[in-house]
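[1] with the sequence up front, the predicted model follows.
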Amino acid sequence: MNFKSLRGMRDILPEEIRTWQFIEETAKKLLEIYNFKEIRTPILELSELFLRSIGEESDIVEKEMYLFEDKKGRKIALRPEGTASVVRAYIQNALFNHPFPQKFYYLGPMFRYERPQKGRYRQFHQIGVEVFGISTPSVEAELLCLLKDFFSILKIEGLSFEINSLGCKKCRPLYKENLNSYLKNKAPNLCSDCKRRLVKNPLRVLDCKVSECREALKDNPLIIDYLCEDCINHLENLKKELKILEIDYVINPKIVRGLDYYTGTVFEVTTNMLGSQNAVAAGGRYDELVQLLGGHPTPAAGFAIGMERLVEICKQTLILEPEKSLVYIAFAGRNEEKEAKRLVRLLRQKGIKTEAPYEYVSLKNQLKKADRLGVKWVLIVGEEELKKGKYRWKNMKESTEGEAGIEDILSMLEEIK
RNA sequence: GCGGAUGUAGCUCAAAGGUUAGAGCACUGGACUGUGGCUCCAGGUGCUGCGGGUUCGAAUCCCGUCAUCCGCCCCA
């Protein structure tokens, strides 16, 4: 029986991991500078949490969640995204008792049962951030600024920052009314999914990409024309802040987002480097979610970055620092093996990356191995040198060699630490 | 969930219905038991993704299935 990884799930091998680690370390450093704190939440949650937050009508909940029952018959889901869990944790742990704003970041696997494609996997990873307790647009400005700084450190260019507002409790109903009457006329021309959405969640009809729907909705009313004064001011103030921070953006009234908890500002960051899976980060404000999940009314906003897509871009643009170089210990004969093992340990204790043969082979083969490993420094433990209390060193790149005591050797190796 | 393309060795690819499915690279060992790179030699249980069918004969043709990639959809 040959086992293969599940569809849409993949192994990330050492070669690629270095890019992951670089991105993760870069993110953590920057997030700490922006005063975000890491939070780790479970991968499993009650499925109800996602039904309530993401929305029963969303594609994610409707057809993409990994669901199962545990031994007690509880309905469990593998998390399809991070925000719901963080909000749950925020409420459960009464984190609102700390001074506002509360700023969190997380990093980990998410699961959606989708048709896999490049840049779209069933297990994928997100770096996400959430800010609780502040309702001013400075939060969104800070989030967008963070994204811009992050991508700029990673030397990613050709990004587009797109922004929209979805309105609030006050203005959205009026818009929905207008939209509803507009959609009613168009109903016969809509796809079957949308006919159903029409009743339960008309906003999502705008998000439909089926061509017949797009055609029917060419001149649909846009939320951005129905915003109340507060929402208009919010958006205008955000624009001002973005100008101060010198962040280029475009207003895209078509952005709706696939998760129902968004209110007010939403945004997407897309790239021209990825083909059709081109969204590399997205987020927005969700001022009603905390209350919806049982907490005190708390304004909040956040975003998530897609790691796989970011890694894909960074593999093209980033030049990683070379790995720490390896020192190879060879020994001339079986009698020197013990001494070689002691030397390996000593070097490792000094923080030097060291490798040695696990069993005796000819010195020639040891050197051949060292060469194939691409090492620069080889230390040879041999009978004659040991008598003098020395080791033989060999610089494979420059083809030089000599004898030296351990202290001299350690200082020679300083350069590679 | 829909449409299309592709699946041969670790990798890149040959073999266009006819011996025992090959080559380069990579890998392992040897020639060379105290010195690597060059050279030469040797080393493959590849169920030709899997299962069925057609045929005297299938990597090759047909059907199914699984997987990957591309587009749709979805989204990060």
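    Sure thing, it's come through. Note that the coordinates shown come from a computational prediction; the quantities given were computed from them, not determined experimentally. Residues are numbered from 1 along each chain as shown, chains lettered A, B, ... in the order given.
[2] can I assume A:Phe124 sits in a helix?
    No - read with DSSP: H, G, I helix; E, B strand; the rest coil, A:Phe124 is strand and lies in no helix.
[3] and the helix or strand where A:Lys243 lies, what's buried?
    When elements are assigned from DSSP states H and E, A:Lys243 belongs to helix A:229-244. Under the neighbour-count criterion of 16 or more other CB atoms under 10 Å, helix A:229-244 has A:Cys231, A:His234, A:Leu235, A:Leu238, A:Glu241, A:Leu242 buried. C-beta here means a position set from N, CA and C on the backbone, and glycine is covered the same way.
[4] now do that helix: which elements does it pack against?
    Counting contacts by 3 or more CB pairs under 8 Å, 6 or more residues apart in numbering; DSSP states H and E, helix A:229-244 packs against helix A:138-153, strand A:159-165, strand A:265-271.
[5] of all the ones you listed, which lies closest to A:Arg122?
    Distance to A:Arg122, taken as CB to CB, is lowest for strand A:265-271 among these, at 21.9 Å.
[6] please tabulate the buried residues of helix A:229-244 in CSV, including the columns distance to RNA strand B and pLDDT.
    Converted to CSV, those look like this (distance: CB to the nearest atom of the strand, whole Å; pLDDT from 0 to 100):
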residue, distance to RNA strand B, pLDDT
A:Cys231, 21, 94
A:His234, 21, 96
A:Leu235, 20, 96
A:Leu238, 19, 97
A:Glu241, 22, 97
A:Leu242, 19, 96
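[7] okay, now the closest residue to RNA strand B within chain A: neighbour count?
    Proximity of chain A to RNA strand B (CB to the nearest atom of the strand) peaks at A:Gly258, 1.5 Å away. A:Gly258 has 16 neighbouring residues, counting by other CB atoms under 10 Å.
[8] same thing with A:Tyr360?
    For A:Tyr360, the neighbour count with other CB under 10 Å is 16.
[9] kindly report the same for A:Tyr358.
    6.
[10] let's verify it: helix, strand, or coil?
    Three-state call for A:Tyr358 (three-state DSSP): coil.
[11] try A:Glu45
    strand.
[12] ok, now A:Thr19?
    A:Thr19 - assigned by three-state DSSP - is helix.
[13] in JSON lines: the helices and strands packed on helix A:229-244, plus mean pLDDT and distance to RNA strand B.
    Output for the helices and strands packed on helix A:229-244, formatted as JSON lines (pLDDT from 0 to 100; distance: least, CB to the nearest atom of the strand, whole Å):
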{"stretch": "helix A:138-153", "mean pLDDT": "96", "distance to RNA strand B": "10"}
{"stretch": "strand A:159-165", "mean pLDDT": "93", "distance to RNA strand B": "11"}
{"stretch": "strand A:265-271", "mean pLDDT": "93", "distance to RNA strand B": "6"}
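[14] can you say which of these is nearest to A:Ile319?
    helix A:138-153 (13.7 Å).
[15] how about that closest one: buried residues?
    Buried residues in helix A:138-153 (16+ other CB under 10 Å): A:Val139, A:Glu140, A:Ala141, A:Glu142, A:Leu143, A:Leu144, A:Cys145, A:Leu146, A:Leu147, A:Lys148, A:Phe150, A:Phe151.
[16] ok, stretch A:110-127 next?
    Applying 16+ other CB under 10 Å to stretch A:110-127 flags A:110-114, A:119-127 as buried.
[17] who touches it?
    By CB atoms under 8 Å, 6 or more residues apart in numbering, the residues outside stretch A:110-127 that reach it are A:6-10, A:24, A:27, A:43, A:60, A:63-66, A:78-82, A:105-109, A:274-277, A:304-309, A:312.
[18] same question for stretch A:299-307.
    Applying CB under 8 Å, 6+ apart, the contact partners of stretch A:299-307 are A:20, A:23, A:27, A:81-83, A:86-87, A:107, A:119, A:124-135, A:139-140, A:143, A:147, A:150, A:265, A:267, A:279-287, A:289-290.
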